[in-house]
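Participant: Fold the following.
(chains A and B)
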Amino acid sequence: MYKMFAGVLLALGVILPGMALAQKTITIGFTTSETGKLNADAAPQLRGFELWRDQVNADGGIKAGGTQYKVALKHYDDQSSAGRVQQLYTRLILQDNADFLFSPYSSGLTSTAAVVSEQFGKIMITTGAAEGKTYKLGNRYLFQMYTPADEYLTSALQAIKSKDPNAKIALVYSNDGFSKGAADGAAKAAKSMGLNVVLTESYAPNTTDFGPVINKIVSSGANVLIGGGHYADGSTLARQLYDKKSNLEFISLLVAPDIPKFASLGKAARGVTVPSQWEPTVAYKPDFGPTPEQFREMFQKKYNTLPGYHAAGGYAAGLVLQHAIEQAGSIKTPAVAKALNAMDATTAYGHIKFADGKQDHGLQVGHDMVLAQWQKGDDGKLHSKVVWPKSAANAKLVFPLTTYHQ
Amino acid sequence: MGSQVILKRPTFWIILLATLAFALVPALTGNLELRENLLLGAVYIILASNLNLMIGYTAYVNFGNIAFFGLGGYIGLYVVNVLGWSLWPACLIAGVVVSLLAFILGTGILRLRGAYFALATIGVNEAVKAFVTNFEPFGGASGMYLSFSSFNALGGARHALWLAYFAIVVLMGLSLWLSLAIKNSRFGLGLFAIREDEDAAMVLGVRTPRYKSLVYAISAFIPAVAGTLFFFKNGVILPDQAFDLTLSIEAIVMLMLGGQGTVIGVALGAFAYEQLRGFLLVSSTFSQFQLVVAGVLLLLIVLFLPEGFMGWVYRHLPRLRRVIE
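Facilitator: Prediction:
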């Protein structure tokens, strides 16, 4: 009896440690714009990555095939310039032995990095890279988190159609790659929706005097404006539209109104909408990971500021990769790529599904943009409210703005 | 300068050895990371040594030399991506077109001197950038994205990137050889005369307008070809990337670092600058304040080595002036 008991103990002693999960580390490499003109957008994205890493590691790591993987992030400064991106991604793959890659911020840098990631057959989850062209060049391992740029203004057009199908639309945008892509997409979408675009006008990205542009908008008879570009031009345009009493019934501008300091424009900001990849107040029900509210609280606790969509995109990139590894039960590229290709799920960031055809592999086809509007709250202050689509909305769209501005 | 004479120059052999080392070391070791490091070094050497023809040889400060690189990239990628031609004729077309444009443009703006010329070159860069941003065949503000299948014509991405690298290394060798050949030619003497005193040079019979236009066009050719190769390798070209004025200014810093007017000095300056920035960027100690460190180092060099590295070498070892030009 004693011998049998000792034998069982010995057997358990051999088997149990083997049953415990082996622990390893996976490295995720990327460049980020710590310096240069993209820094303001890239910094929150990095925070999103880091928050995800810290949470995964605090929970014991990513579980796959009997192994628990801690996550290490390895990143370099790309200086907001494409010049060194390929050099740094080669280094990340060869010297730092990155198992997976995240993209740099911006479509241009991501396309440059993709030449290297595809060459080495590494999965790269792209975030902060909305330009759809990158995914139509014949890639195999890119997976886009953002709704493509040409769909940015679609939610605004849907909202317009629901309120005023006969609206006269002015499409006025900054002549830079991203804004032009969004405007071109909006022009096509408006046509297919049967909406009437009465003015299409671009302006230089560094424009400070929008007087001539506003005169054109007014003389075109437009009652709705969509377009814009980035913060500096977008906020200036919003202010001058208000100062010149343009009497527009609906305004939707890219990027600028999504930045909290846009509210400092006061009355000029009231009622302005922004198409956004994500808003802190969205009401998605995730299949895995935290709820939007939990993510918002965790982010706020760690960084003392509300997360924007750059941060949410970064966090969700990690979450999606983690889920794919867990589904694959392996960190091998073909298995994880297969899991990503098959993904059709909702996270705190929204619905995620990647195109898996050869022509547009990795293009984001599941995620919807939301439309947020600056509205006056009961406290008299301006708050950003999600007004479209109705599934994610927490407030009604204010339309028209003509009386709201009084 | 006759080919036999140039073969006797030690600098020629230094250039040949350096070019072979750039090409062979990463190829024989199969070290891709080294290739990427050397590639950027080679591109910087190309930009700096061609800029040296204007600034170091002729004393015309050209802030807009990056326009040649960017425009070459656009023309080359258009030929490859839209017309579907092979990379090699695309390189040649880019070089010839940009050189011709530079010659025509140079005939006008090289009437200006000193600060006026320098300002005009900034204007050229901005004007070309504005044109490209609004030129739809080049993709306008959205730029041009190269299909991955474009690499297939050269045996797939891996092979194509090696070929692009070797071609850039050859251009680097050609740039340095061109600098050496011009320096030791009658044309080069004419340029030096313009540098020292343009009016005196005219009086002595140097046809200064033609010399200046010619060197402006020559200094555009290789950067334009390099632009095609660089952006082909990058896979995408956007106006902001192609006409980044910072790179023009950095190229001037490289000249100052190595010693403007020299052949090897400029190459060393460009290579050292690239290596320094690259090291600071990936260093765990310095990466957080790499711009500060780079700035302080450059300030020290400008303060204590105003004639550049080669100037310092010539001062202490005058005999080397004959060996390393």
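
Participant: Could I get the phi/psi values of the residue lying farthest from the centre of chain B?
Facilitator: If you look at how far each residue of chain B sits from its centre, by CA atoms, centre = their mean, the farthest one is B:Val203, at 31.9 Å. The phi/psi pair for B:Val203 (degrees, to the nearest 10) reads phi -60, psi -40.

Participant: Look up how far chain A lies from it.
Facilitator: 44 Å (CB to the nearest CB, to the nearest Å). Heads up, the C-betas are built off the backbone N, CA and C, glycines and all.

Participant: surely B:Trp162 meets B:Ala27?
Facilitator: Yes - contact criterion CB atoms under 8 Å: B:Trp162 and B:Ala27 qualify, at 7.4 Å.

Participant: what bits of the chain have low per-residue confidence?
Facilitator: Just going to use chain A. Scanning chain A for pLDDT under 70 picks out A:1-22, A:403-406.

Participant: Actually, chain B is the one I wanted.
Facilitator: B:1-5, B:287-288, B:290.

Participant: residues in it within reach of chain A, list them.
Facilitator: Neighbours of chain A within chain B, by CB under 8 Å from any CB of the partner chain: B:32-33, B:35-37, B:39-40, B:133-134, B:140-143, B:145-149, B:157-158, B:161, B:233-236, B:238-241, B:244, B:246-247, B:278, B:281-282, B:287-288, B:290-291.

Participant: go again using 7 Å as the cut-off
Facilitator: Listed as neighbours of chain A in chain B under the rule CB under 7 Å from any CB of the partner chain: B:32-33, B:36-37, B:40, B:133, B:140-143, B:145, B:147-149, B:157-158, B:161, B:234-236, B:238, B:241, B:244, B:281-282, B:287, B:291.

Participant: Quick one: residues contacting A:Thr333.
Facilitator: A:Gly121, A:Lys122, A:Ile123 (CB atoms under 7 Å, 6 or more residues apart in numbering or on different chains).

Participant: ok, and does stretch A:123-135 reach over to chain B?
Facilitator: Yes - judged by CB under 7 Å from any CB, stretch A:123-135 and chain B are in contact via A:Lys133, A:Thr134.

Participant: returning to what we had before: closest one to chain B out of the contacts of A:Thr333, please.
Facilitator: Chain B has its nearest neighbour among the contacts of A:Thr333 in A:Gly121, at 10.5 Å by CB to the nearest CB.

Participant: hang on, that closest one in a strand?
Facilitator: No - read with DSSP: H, G, I helix; E, B strand; the rest coil, A:Gly121 is coil and lies in no strand.

Participant: Around it, count how many other residues there are.
Facilitator: 12 (other CB atoms under 10 Å in any protein chain shown).

Participant: And A:His310, by the same measure?
Facilitator: Using other CB under 10 Å, A:His310 has 24 neighbouring residues.

Participant: pretty sure it contacts A:Leu46?
Facilitator: No - applying CB atoms under 7 Å, one finds A:His310 not in contact with A:Leu46, separated by 9.1 Å.

Participant: intersection of neighbour lists for the two?
Facilitator: Here A:His310 and A:Leu46 share no contacting residue, scored by CB under 7 Å, 6+ apart.

Participant: Show the contacting residues for B:Ile122.
Facilitator: So B:Ile122 contacts B:Phe63, B:Gly64 (CB under 7 Å, 6+ apart).

Participant: does it sit in a helix or strand, and which one?
Facilitator: helix B:114-133 (DSSP states H and E).

Participant: and what of A:Leu109?
Facilitator: Here A:Leu109 is assigned to helix A:107-119, by DSSP H and E.

Participant: Off-centre distance for that helix?
Facilitator: 18 Å (CA atoms, centre = their mean, to the nearest Å).

Participant: does chain B sit close to that helix?
Facilitator: Yes - shown here: helix A:107-119 in contact with chain B (CB under 7 Å from any CB) through A:Gly108, A:Ser111, A:Thr112, A:Ala114, A:Val115, A:Glu118, A:Gln119.

Participant: For the residue nearest to the spatial centre of chain B, which non-adjacent residue is spatially closest?
Facilitator: By CA atoms, centre = their mean, chain B has its centre lying nearest to B:Leu47, at 1.3 Å. Among residues not flanking B:Leu47 along the chain, B:Ala251 sits closest, at 4.6 Å (CB to CB, 6 or more residues apart in numbering or on different chains).

Participant: and the one you found, how many neighbours does it have?
Facilitator: The burial count for B:Ala251: 29, using other CB under 10 Å.

Participant: With B:Val282 instead?
Facilitator: B:Val282 has 18 neighbouring residues, counting by other CB under 10 Å.

Participant: and if you look at A:His367?
Facilitator: Counted with other CB under 10 Å, the neighbours of A:His367 add up to 24.

Participant: part of a strand, is it?
Facilitator: No - looking at A:His367 with three-state DSSP, it is coil, so not inside a strand.

Participant: returning to that earlier point: next, format the residues of helix A:107-119 next to chain B as a markdown table and append neighbour count.
Facilitator: Formatted as a markdown table, those follow (neighbours: other CB atoms under 10 Å in any protein chain shown):
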| residue | neighbour count |
| --- | --- |
| A:Gly108 | 29 |
| A:Ser111 | 30 |
| A:Thr112 | 29 |
| A:Ala114 | 30 |
| A:Val115 | 24 |
| A:Glu118 | 20 |
| A:Gln119 | 20 |
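
Participant: how about these, which pair is most distant?
Facilitator: A:Gly108 and A:Gln119 (18.2 Å; CB to CB).

Participant: okay but B:Ala120 is in contact with B:Arg111, surely?
Facilitator: No - applying CB under 7 Å, one finds B:Ala120 not in contact with B:Arg111, separated by 9.5 Å.

Participant: Tell me which of these two has more neighbours.
Facilitator: Counted by other CB under 10 Å, B:Ala120 and B:Arg111 do not tie: B:Ala120 has more neighbours, with 19 against 12.

Participant: What segments of the stretch 151-300 of chain B are strands?
Facilitator: B:236-237 (DSSP state E, counting those that start in this stretch).

Participant: mind listing the helices for it?
Facilitator: Ranges of helices in the stretch 151-300 of chain B, per DSSP state H, counting those that start in this stretch, are B:157-183, B:186-196, B:198-203, B:208-234, B:239-242, B:245-258, B:264-282, B:290-304.
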